[in-house]
Structure formats: C-alpha cells, structure tokens
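In: dropping the sequence and predicted coords here.
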Amino acid sequence: MTDAPPAHAVEKFRDWRFGLFVHWGLYSLPARHEWVKNREQLTDEDYQPYFDHFEPDLYDPGKWARAAREAGMKYAVLTTKHHEGFCLWDSDVSDYTVAKTAWGKDLVGPFVEACRAEGLGVGFYHSLIDWHHPEFPIDLVHPQRDDEEAIAKAAGRDIQVYADYLHAQTRELLTNYGPIDIMWFDFSYPGRKYPDGRDGHGKGRDDWRSEELMAMVRELQPDILINDRLDIPGDFVTPEQYQPDGPMQRDGQPVLWEACQTLNGSWGYDRDNLDWKSPETLVNMLVDSVSKDGNLLLNVGPTGRGEFDPRALATLASIGEWMRLHERSVRGARPAELSAPPDCRFTQKGNRLYLHLFSWPMGHVHLPGLAGKVKYAQLLNDASEIKRIVNDPHQTAQNTTMGGTSADTLTLKLPIQKPNVLVPVIELFLS
C-alpha cells in the first residue's frame, strides 16, 4: 500500500460534504444511458456517428460550476474518459479525443478553470475500462462479448500495452491542469464470471498495474485523494446508488467515504428516463450521508450540446435554496454520538447539534439523553425558538397531559405546521 494522503486533504474532503459528478461523453448523443454501447452491443462502426456529430456548442462550464456552487456543492468531478474510450481532452497518445472531432477544443481545461473560479475543488473521473482501445481484451462487459468473429480477431490483444496507455493518460491529466483534488478511477472486476459460469476475464490490479499507477498519482499530486476502485485500498470508498446503513468501514475500521448518486438512475444524459428523485429525497440523502460521516456526490449528465437538463437545474436550485438556510447543519459537520429519533438524523458541529426531521411529528419530538444539556433550541430556517420541556418522569397521562418520560429525555414542542422547507432542521445549542 502506498502512503496515505496528508491529513489536511482528508479533513478538507470531510468538510466539503457535497459535490457534483458530471458524466459527459459521446453517449450524450444517443441519450440512452452511458452504457448504451454495451447494452446494445454496438460496434465501433455503429458508434462512430456520435464521434462525427459531437458538437457541444452550448458548453459553458462557468454555468455548470455556478449551478454547483449555488446548490451548496464544494467540489466537482468530471468524466475525462468513460468506458467508451472517448477523451474530453487532447491526449498525446490517442486520436479518439475531442480534439479530433468537429468541435476540436479541449473540454477539461475550461471545466477546471470554471470550478476554480467558483471556489470548487476539482476531481477527475477516469475509466480503467476502454471499449475502443485496440489492445483492450474483449471480456464479459465488452460490447462485442457475444461476437465470435470479433473475439477471434482480438485473440492477441495485450492488456499491458493498454495499461501503458492508461498510465500515460493519467500522467497527462495530472500534469497539465495544475493541482487536482480527487482521482476517481472506475472500475475493477477481477474474477467475474458469465451467468453460465464461464470465465469472464474480469480485470483488476494486475491488469491495471494498480500499485504502480497509484504511486505515480501520489508522486504527481501529493495532496490528491484516490478512490477505491483500483482493486487495492484507496483513500475513500464509493457506495454507488445506495445509502449505507451506517458509517463505512474497512477491516472493521472507519474509512472515508462518499455516496455517488444519480438524479434519475442514469449517469449520462438519458432523455426518456423520467425516474427523477425529488429534491426532498436528495436532501434526505445528503443529510443521511453526513450523519454517517460521509459525503454525497450527486451526478448531472449534460446534453450533447453541453447544457444541463432544465430538470437537473431546477433540482439543483431547489437543493440550493435549502442549503442557503441550512448549510451549517451539513458543511463541516460530523456525526453526533447520539441516537436520533425515528425518521430523523443528527449532525454536530462544535456545541451545536442539528436535528433533521425527515417527517414532521405531531406536536412533539422526544430526545433521550439530552435533558439538562441544551440551553437553547431554534428552527434553523428562520431562527424561531423551539420550546423545551422536561417532563416529570412520574407524571400520569390524562387527557391533554403528557405521561412521564425518562428523566434524561428532552421534549421539544413543535408547531403544527411544518416549515416550508424540504427538510426542517432544529438547531440545539448544547450547554
């Protein structure tokens, strides 16, 4: 295992808490999911029209970065190359790049500059898989996995020649664009088999030369964080499309983590996918991540012309309005050493404890362990006081009189009407 990153980089990542993922490539033109080449088993010839017609004339990374900042995000990660093999920069070792399209201009540099102008950290996603490279062997996730003629022609491919290419492109990315905060590789699948039990020729650390690759990344960018998909331990783990049930661990020890999530189930632009998550659900996911000492990396897939879908912009704006009022309950916050009531989450920053209410209770919420420990309580959205009650534990319930609660339980008296925010937050000032 190579050296760990410096502590200040780790704490910066934990403070950020919320980031933007951007999946953009040729797959934005078919607009049928970023794995369209795999799913429809398209050949390079089938896929060529997307290269020929890639013309992102509305690309304005300043708008992307501004939308991210206004949503409360603190960093952004861009797909420099996805599994299709198409590169968003002018690589010295490939012609399958944006520089060779009719557009002809680097897309990565302007993205980096825009993020820095908005005060965002910068990350690069880079696919370990490459369905276009002539030396990438055909395996169970390759589009030509069922094409016997293509498999026969590919019999002599050398994964180590491809690994040289992978390393060379990683070096370019981490040399040409200044300081980079995150290297997000994707993905390893050693030992994976076909459904019928045949060897799927899945790939992992030996194929990518992962330890050598990670050492090079560390040498080029000493403050960078590297994710966990090289088939060797990385700096942070990446649960995808699910929320873990507690803080993530590796070998029984806490580990840095980031949930990567989509707006509608697809990473790339998917025109007809209407399975959009509500802003309320997404805020719940952000809060849930922070309460378990994790980050949320939320994805947008731009269109082929280089714009964010209006539905994505509306969602980001809605989250941004919640963050405008509630940012301090997540930004720089850490988990609390308390168990939250049902359908709630705690976060904490210093002597301020934040209670996030995923559903609005009728009249009261009970907080075991906090009696005598809270000197003031308020709704965070408008700083209006929340009354605190400590019941006599021997009190008898009768009509409108509440029964006794345990002596250590603090009860909060809530308004009947839920505040007009996605997720109400009560700020508790600890004694």
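Out: Nice, I can see it. Predicted, not measured: the structure shown is a model, and the values here were computed from it.

In: show me where this structure has helices.
Out: When assigned using DSSP state H, the helices of the chain occupy the ranges 7-16, 36-39, 44-52, 61-70, 108-117, 148-153, 159-176, 205-208, 210-220, 279-291, 310-326.

In: out of these, which comes closest to Val423?
Out: helix 279-291 (4.9 Å; C-beta to C-beta). For glycine as for every other residue, the C-beta is placed from the backbone atoms N, C-alpha and C.

In: now that closest one against helix 310-326, angle please.
Out: With axes from the mean of the first three to the mean of the last three C-alpha atoms, to 10 degrees as the criterion, the two stretches helix 279-291 and helix 310-326 enclose an angle of 50 degrees.

In: what helices or strands is helix 279-291 leaning on?
Out: Helix 279-291 sits against strand 256-261, strand 295-300, helix 310-326, strand 344-349, with contacts defined as 3 or more C-beta pairs under 8 Å, 6 or more residues apart in numbering; DSSP states H and E.

In: hmm, who's touching it?
Out: 17-18, 243, 258-259, 261, 263, 295-296, 298, 315, 318-319, 322, 329-330, 333, 335-336, 340, 345-347, 356, 358, 422-423 (C-beta atoms under 8 Å, 6 or more residues apart in numbering).

In: run the last query once more with 6 Å
Out: Under the criterion C-beta atoms under 6 Å, 6 or more residues apart in numbering, residues 17-18, 243, 259, 296, 315, 318-319, 322, 330, 333, 335, 345, 347, 356, 358, 422-423 lie in contact with helix 279-291.

In: over to stretch 121-128?
Out: When contacts are defined by C-beta under 6 Å, 6+ apart, stretch 121-128 is touched by residues 75, 77, 79-83, 112, 115, 173, 180-186, 208.

In: mind checking how far the closest residue to Ala99 other than its chain neighbours is from Ser127?
Out: Excluding its sequence neighbours, the residue lying closest to Ala99 (C-beta to C-beta, 6 or more residues apart in numbering) is Asp90, at 3.6 Å. According to C-beta to C-beta, to the nearest Å, Asp90 stands 18 Å off from Ser127.

In: more neighbours: which of the two?
Out: Neighbours around Asp90 and Ser127, counted as other C-beta atoms under 10 Å, are more numerous at Ser127. The numbers are 23 against 18.

In: identify the residue nearest Gly62 in space, chain neighbours excluded?
Out: Take Gly62 and drop its neighbours on the chain: the residue closest to it by C-beta to C-beta, 6+ apart is Ala114, 4.7 Å away.

In: for His201, same thing?
Out: Asp139 (4.0 Å).

In: I'd like the distance between the one you found and Thr238.
Out: Taken as C-beta to C-beta, the span from Asp139 to Thr238 is 22 Å.

In: cool, Thr401 as well?
Out: Here the criterion is C-beta to C-beta. By it, Thr401 lies 51 Å from Thr238.

In: so between the two, which is more surrounded?
Out: Neighbour count, other C-beta under 10 Å: between Thr401 and Thr238, Thr238 has more, with 19 against 10.
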